[in-house]
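J.: sequence and predicted model, in that order:
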Amino acid sequence: MTTAAHAMAPEPEATFDTVPRGELLLQAAGVTMRFGGLVAVNSVDMAVHGGEIVGLIGPNGAGKTTFFNCLTGLYKPSAGQVSFAGRALPPRPRKVVQAGMARTFQNIRLFQNMSALENVMVGRYCRTSSGPFTSIIRGPKFRREEAETRDRAQELLEFVGMPDVGETLARNLPYGDQRRLEIARALATDPKLLLLDEPTAGMNPQETRQAEELIFRIRDSGLAVVVIEHDMRFIFNLCDRVLCLVRGEVLVEGTPEVVQSDPRVIEAYIGSADDTVLDDTASEPTPEEEPRA
Ligand SMILES: Nc1ncnc2c1ncn2[C@@H]1O[C@H](COP(=O)(O)OP(=O)(O)OP(=O)(O)O)[C@@H](O)[C@H]1O
C-alpha cells in the first residue's frame, strides 16, 4: 500500500505477488473452440512461465482473441484444458481473475464517465471482502478497505506512468493514456499473468514506445505477460517467445528470431487472403489468375 514514505519517493514502484521466474504458470492443452461448423481454435497448446513475455501473432481471423477468451473464461472451450498454477481453471471470468489472470481487450472498455482513479479501484474490488451490508452502512472495515483500495489504485496509476490523472474522467484522457489506464485496472486485480489483446492498436509511435516500456516494467516486476499484436517490430522486440496461429492452429512457436525468419509465417501474413498460402506445394500464380485487390 502507499505510505507517506512512498508518497515522497520520486518514482514509487508497485510490488506484486508473483511466482518465481521460470515456474509454470499457465498451461493450455488441446484447447479447441468451435462455433457451429467453424473451428476457430484447434487443439492449441501453450505454456507460460513466471516472468516471461509470450507473443501471440497470426493474420486476421486466426483465432487469437478466441483463444484468449477460452483462457479467461469468456468462452467454455469445446475441448481441452486450461490450468493455472497447477490447478484446473473453471471457465468463469470471476474465477479466472481470482486465480491470478487479468486481461485487457482489443477495444477500450473503460468506465468513461468515471475518473481514472475510480476505474482502477473497480479492478480492485475482486480482492476486497466488504459485502453489500458493510458497504451500505460504511462501517470501519469498509472505510479501511476503501482507503487501501484508493491507495493501491493511485500506486498503480504511478506505476503505469500517470501519477497526476486520478481525478480526470477516463473519456478526457488521450487515447494512449486510456490504454495504460486499462492496464492499471487489470493490474489492480493482483494478477500473476497479464493478457493484453492488441495493446498498441491505434497508438502513435511515441505511445507504442511507452507501452513497450510499460510491458517490460511489468515483466521486470515478476509478472508473466501474453500479448496479441499485429505490430511485428513491437512483438519481436518485446517477447521471449512467440506463437504464430494460423486458422486456429499453432503454425510455429519459438524465439522471435526463429519465428520471424520462418518462411511459413511470412507467407501467412503476406498471403493471408489466399487459401493456398500455407500449402508448400503452391506454385507461383499463373497468368490467368485474377490479381488480388
Ligand atoms: N462469437 C463468435 N461466433 C462465431 N464465430 C466467431 C465468434 N468469434 C470469433 N469467430 C470467428 O472465429 C475466427 C477467429 O476469430 P478471432 O477474432 O479469434 O481471430 P483473431 O486472430 O483474434 O483476429 P483479429 O486479428 O482480426 O482480431 C474468425 O473466423 C471469426 O469470424
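T.: Noted; the coordinates are in hand.
J.: tell me the contacts of the nearest residue to residue 87 once chain neighbours are set aside?
T.: Leaving aside its chain neighbours, residue 87 sits nearest to residue 99 (7.3 Å; criterion: Cβ to Cβ, 6 or more residues apart in numbering). Quick note: C-beta positions are derived from backbone N, CA and C, even for glycine. Applying Cβ atoms under 8 Å, 6 or more residues apart in numbering, we find residue 99 in contact with 84-85, 87, 89.
J.: pretty sure residue 48 contacts residue 26?
T.: Yes: at 4.2 Å, residue 48 counts as touching residue 26 under the criterion of Cβ atoms under 8 Å.
J.: which stretches of the protein form strands?
T.: 24-35, 38-49, 53-57, 79-84, 87-88, 101-104, 193-197, 224-228, 241-246, 249-254 (DSSP state E).
J.: what about the helices in the protein?
T.: 4-8, 64-71, 93-99, 116-124, 132-137, 140-159, 175-187, 205-220, 232-238, 256-260, 263-270 (DSSP state H).
J.: and these: which comes nearest residue 80?
T.: helix 64-71 (7.7 Å; Cβ to Cβ).
J.: the strands of the chain into a markdown table, with extra columns for mean neighbour count and distance to residue 265?
T.: Compiled in a markdown table, these are given as follows (neighbours: other Cβ atoms under 10 Å; distance: least, Cβ to Cβ, whole Å):
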| stretch | mean neighbour count | distance to residue 265 |
| --- | --- | --- |
| strand 24-35 | 18 | 20 |
| strand 38-49 | 19 | 16 |
| strand 53-57 | 24 | 8 |
| strand 79-84 | 16 | 24 |
| strand 87-88 | 9 | 32 |
| strand 101-104 | 24 | 25 |
| strand 193-197 | 25 | 20 |
| strand 224-228 | 25 | 15 |
| strand 241-246 | 23 | 5 |
| strand 249-254 | 18 | 6 |
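J.: nearest to residue 167, of these?
T.: Short answer: strand 101-104, nearest of these by Cβ to Cβ, at 22.6 Å.
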